[in-house]
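Asker: give me a 3D structure for the following:
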Amino acid sequence: MRSAAWHARIVCGHEVGAGFLVTGRRVLTCAHVVHRSDSAAVTVSFPHARELGELSASVVARGDWAGAATDPGDVAVLELERDVPLAPAGFAPPDSAYTEPYPKLIAYGFPEGYDEGTLAEYQAVSGQLIADEWLELVAWNGHGQPLVAGFSGAAATLPDGRVVGMVTAASGTPDVRKGRMLPLDVMARYWPELGELVPTPGHRDDARRELYALLRRAADDSGGAGDPNRLYVDAVGAFGPPLPPGGFPSLWAAAGYVQWEVPDPAAVSRFAGRLRELLGAGAAPPNPAAPPDLATPASPVDPGLSAWSPVVVEIDHSGAGPDQVTVEVSAYRDGRRRPVGACRLPRAGVRAYVQNRIDEAVAHLAPDADELVTFVLPREWLNEAVAHWECSADDSTPLGCAYPLVVTDRARHHSGRLRHQLRKRWQKLDSGRGAEVHRVECGSLERPPSLRKRLWDGEAGLAGFAAPPTAARKHFEVGLTVPVPVLLWSRAGCPGTEHRHRPGPGTAHQDPGCPGSAFLDQLSASLADVPPAELPRHILSLRLTADAADEPDLHWARDLQLLWDDPRCFPETTASLRSPVA
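Answerer: Below is the predicted model:
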């Protein structure tokens, strides 16, 4: 880098500025240096390669600069008349300019009287951007070359020659040695292709290069490559940085935002992976040297795992008031969660929001996937009639008659202990056929600790409750905190107070007049030979049968609720990146 042959002198009419070669044929400079390019020729020369002479150039891209000194986007991309045999500039991570101790930054400019160029030494004042656009520069010492006309467009380099930004302005006051530069990540807002050239902390170079190769392929794909806003949400997760106002105008803009603004380093790989799928580009090339924490997570490989592909609706208290909840909808594909949407809203608005998002989530699944709609609910919501919610405003089909649909308890879903124990319980369930229904009668005199021991000792796979959670709260909480993979009950079951119940351990059948007892009898008979892994599909069939009955409200399975919990279907359990309340 010592010769720095990539430094360029730019002339456009009476304007003289600097620039730097970034590819064999492209040069970056300030938009204000070439603002008269419509009426005046643009020429580029390289002081360290005078034998190349003056080359004509054209402006092929520019930022938003509109003529004022404080206008943003003072960036222009020039294309030379031909490739030049010079090594282009190399780049450092953008934060190298303001990492303590702040380094000396060197600019190569062409002020009046210095056609061959001269150097100025500066440093960043702070990592704080001015108006979200510029880093402020101050002279390295009290004397030396000030930033004046002719330095606009000059690369600001570290002492080793790597570029960290571009000089755009001086203070305008002779005795004040200050100026401004655009850091690389800001420049990439206006010319996203720059992102391929700049190393980004936490992002693998191969992942970055693959992303930009896919972006070029997408630009050549006449069929388009999908919605950039959807791709962004897929990459960052539901609680990553939100979409900027108005969304992204292009895939390039969305990719650049993921690269520069999203703190999760794996987001670039996820964005590239989804784009690869849409383009039909096949699997990413192997990268055996990739560190494990940045590698693409593998799909679960448990031998007994069903081929379910979950669509997850997770509801939680928002912390913004008793009526406010957060709703997150996502889809699992290839062992990875793909967020579709997240919102904070009043409880009354949840149904409509979910209706609008489930179809969208299903579209993320593989074409041959067996969808499984899973509601992850706060404990007090577990008896919610989600299976009876209509598919949409235009489709009155109940969700539970359109998809295999299950619920699970949110605290249990995120419990490391229970997930581990449930995996072990499922390994035993996978080896058999049907599983015994461990009955929990309504109005049972069985103490909750006794029920806990019974479920543990019996290695229960299924537990059936004759009463809904609201009527058997303590017994139901035992079922949730013991690793029983499947809990079933009737939402409108026996309330536990209208019938005389036999004393005893709670396993005795109740008298025939008890609707809860009758429900458990029907349930046990119906599930006798059904493998637990197939229960979501079997319950779908029961719901369809109940809905088609002459008197649906009298069918025993009309209000059947299925809590079905197989952690192997949900490999990601980490918390969201940030709270939607923040």
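Asker: need the per-residue pLDDT for Pro378.
Answerer: We have a pLDDT of 93 for Pro378.
Asker: pretty sure it contacts Glu314?
Answerer: No - Pro378 is not in contact with Glu314 according to CB atoms under 8 Å; the separation is 9.8 Å. C-betas here are computed from N, CA, C, even on glycine.
Asker: in stretch 320-338, which residues are buried?
Answerer: 325-333, 335-338 (16 or more other CB atoms under 10 Å).
Asker: and for stretch 454-462?
Answerer: Within stretch 454-462, the residues that count as buried by 16+ other CB under 10 Å are 454-455, 460-462.
Asker: what sits up against it?
Answerer: With contact meaning CB atoms under 8 Å, 6 or more residues apart in numbering, stretch 454-462 is reached by 425, 428-429, 435-438, 446, 463, 478-479, 482, 484-488, 505, 507, 527, 532.
Asker: try stretch 249-262
Answerer: Applying CB under 8 Å, 6+ apart, the contact partners of stretch 249-262 are 94, 185, 188-189, 192-193, 195, 200, 203, 208, 211-212, 215, 218-219, 225-226, 228-229, 231-232, 235-236, 240-241, 244, 248, 267-268, 271, 275.
Asker: after the helix or strand harbouring Arg276 comes which helix or strand?
Answerer: Using DSSP states H and E, Arg276 falls within helix 267-279. Next in sequence after helix 267-279, counting helices and strands by DSSP H and E, comes strand 308-317.
Asker: any idea where the helices of the stretch 301-450 of the chain begin and end?
Answerer: Taking DSSP state H, counting those that start in this stretch as the test, the helices found in the stretch 301-450 of the chain are 350-362, 399-402, 410-413, 416-430, 448-457.
Asker: any idea which of the ones you listed gets closest to Trp556?
Answerer: For Trp556, the closest of the helices of the stretch 301-450 of the chain is helix 399-402, at 15.1 Å, according to CB to CB.
Asker: sorry, back to before: show me which of the contacts of stretch 249-262 are buried.
Answerer: Neighbour counting by 16+ other CB under 10 Å classes 94, 185, 188-189, 192-193, 195, 200, 203, 208, 211-212, 215, 218, 225-226, 228, 231-232, 235-236, 240-241, 248, 267-268, 271, 275 among the contacts of stretch 249-262 as buried.
Asker: identify the residues contacting Gly13.
Answerer: 36, 39-41.
Asker: what's the spacing between it and Ala40?
Answerer: Separation of Gly13 from Ala40 (CB to CB, to the nearest Å): 3 Å.
Asker: the least confident helix or strand in the chain by mean pLDDT vs helix 350-362, what angle?
Answerer: Between all helices and strands in the chain, the lowest mean by mean pLDDT, DSSP states H and E belongs to strand 336-346, at a mean of 81. Comparing the axes of strand 336-346 and helix 350-362 via axes from the mean of the first three to the mean of the last three CA atoms, to 10 degrees yields an angle of 160 degrees.
Asker: neighbouring strands of strand 336-346 in the sheet, and parallel or not?
Answerer: Strand pairing for strand 336-346, using DSSP bridges, gives strand 324-333 (antiparallel).
Asker: send the alpha carbons of the partner strand over as CSV?
Answerer: Only the C-alpha atoms of strand 324-333 are listed here, as CSV (Å, rounded to 0.1, in the frame of the first residue of the first chain):
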residue,chain,number,x,y,z
GLN,A,324,-51.7,-5.0,26.3
VAL,A,325,-50.0,-8.1,24.9
THR,A,326,-47.2,-8.9,22.4
VAL,A,327,-47.9,-11.3,19.6
GLU,A,328,-45.1,-12.9,17.6
VAL,A,329,-45.9,-15.1,14.6
SER,A,330,-43.1,-17.2,13.0
ALA,A,331,-42.6,-20.3,11.0
TYR,A,332,-40.0,-23.1,11.4
ARG,A,333,-38.2,-24.4,8.4
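Asker: pLDDT (mean, whole number) over that strand?
Answerer: Mean pLDDT, computed over strand 324-333, is 88.
Asker: show the backbone phi and psi for Phe91.
Answerer: In terms of degrees, to the nearest 10, the main-chain angles of Phe91 are phi -120, psi 150.
Asker: hang on, Ala366 packs against Trp308?
Answerer: No - using CB under 8 Å as the test, Ala366 is too far from Trp308 to be in contact (11.8 Å).
Asker: packing partners for the helix holding Arg276?
Answerer: If you count contacts as 3 or more CB pairs under 8 Å, 6 or more residues apart in numbering; DSSP states H and E, helix 267-279 packs onto helix 205-220, helix 228-236, helix 251-261.
Asker: could you list the domains of the chain?
Answerer: Listed by automatic domain parsing, the domain ranges of the chain are 1-199, 200-294.
Asker: report pLDDT for Val581.
Answerer: Val581 is given a pLDDT of 32.
Asker: same check on Gly319?
Answerer: So, for Gly319, pLDDT stands at 69.
Asker: sorry, back to before: and the helix holding Arg276, average pLDDT?
Answerer: pLDDT averaged over helix 267-279 gives 84.
Asker: what does stretch 50-66 give?
Answerer: 93.
Asker: first vs last residue of it, how far apart are they?
Answerer: By CA to CA, to the nearest Å, the extent of stretch 50-66 from end to end equals 33 Å.
Asker: what sits up against that stretch?
Answerer: For stretch 50-66, the external contacting residues (CB under 8 Å, 6+ apart) are 11, 26-27, 30-32, 34-35, 37, 41-46, 71-82, 84, 86, 189-191.
Asker: buried among these? Need that as a selection in PyMOL.
Answerer: Selection of the buried residues among the contacts of stretch 50-66 in PyMOL, burial being defined by 16+ other CB under 10 Å:
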select buried, resi 11+26+27+30+31+32+34+35+37+42+43+44+45+46+72+73+74+75+76+77+78+79+80+84+86+189+190+191
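Asker: inside strands: which ones of the contacts of stretch 50-66?
Answerer: 11, 26-27, 42-45, 76-80 (DSSP state E).
Asker: nearest to Val164 among those?
Answerer: Val27 (17.6 Å).
Asker: what about the closest residue in space to Pro532 that isn't next to it in sequence, neighbour count?
Answerer: What sits nearest to Pro532 in space, not counting adjacent residues and going by CB to CB, 6 or more residues apart in numbering, is Leu429, at 4.7 Å. Neighbours of Leu429 under the rule other CB atoms under 10 Å: 21.
Asker: surely Leu429 and Glu534 touch.
Answerer: No - the criterion here is CB under 8 Å, and Leu429 misses it with Glu534 at 10.9 Å.
Asker: the helices of the stretch 301-450 of the chain into CSV, with extra columns for mean pLDDT and distance to Ala120?
Answerer: Formatted as CSV, the helices of the stretch 301-450 of the chain follow (pLDDT from 0 to 100; distance: least, CB to CB, whole Å):
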stretch, mean pLDDT, distance to Ala120
helix 350-362, 89, 54
helix 399-402, 95, 66
helix 410-413, 91, 59
helix 416-430, 88, 57
helix 448-457, 92, 75
